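Asker: Quick check, what structure comes out for this input:
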Amino acid sequence: MRQQAANRYSPVYDQKRLSANQAYQTSDQALAQQLAGLQASYDKQREDTAEGYAQAYAQADRQALSRGMQRSSYNNATLSNINVKGQKAQQAINEAQTAQETNINQQRTLAAQQLATQLVVWTSIFSIFTI
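Answerer: Residues are numbered from 1 along each chain as shown. A predicted model of the protein is given here:
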């Protein structure tokens, strides 16, 4: 009887296991691709931001030069503030990227845990029918 039960339920168990693994792999691959795409996206944002602040810095410096204030403390403070804001913008981009990467990695971990749980459940059910 045990062998008959194993013969009867083994294909169902194998199919459930295969389906669960395939669903996990599909989900994990999509998340891995999303994670890989983040780097390029955030690198572009960092580049655009750096370029924008560099242009603002150059413009402020040119304006000070045109007014004969290139060595004034006001100009130095203005340029310093532009640099600080640029650094803060870069830091904000870095933090956003880290948060998104963490979120994706948590989703991948959760999917792996769910797969493990499903496999344990199906193994338990199969073992009950084949005892």
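Asker: Next secondary structure after the longest helix seen in the chain?
Answerer: Counting by DSSP state H, the longest helix found in the chain is helix 2-66. Moving toward the C-terminus from helix 2-66, the first helix or strand encountered (DSSP states H and E) is helix 73-129.
Asker: taking the mean pLDDT, what do you get for that next one?
Answerer: For helix 73-129, mean pLDDT is 93.
Asker: From the chain's centre, how far out is it? Work that out for me.
Answerer: 5 Å (C-alpha atoms, centre = their mean, to the nearest Å).
Asker: if we can go back for a sec, so what's the model's average confidence on the longest helix of the chain?
Answerer: Rounded mean pLDDT across helix 2-66 is 91.
Asker: oh, and call the first residue 34 from now on, that's how I've got it
Answerer: Right, with 34 as the first residue, what we last looked at is helix 35-99.
Asker: the inter-axis angle of it versus helix 106-162?
Answerer: 180 degrees (axes from the mean of the first three to the mean of the last three C-alpha atoms, to 10 degrees).
Asker: ok, now how distant is Leu51 from Ser99?
Answerer: Separation of Leu51 from Ser99 (C-beta to C-beta, to the nearest Å): 72 Å. Backbone N, C-alpha and C define where each C-beta goes, glycine included.
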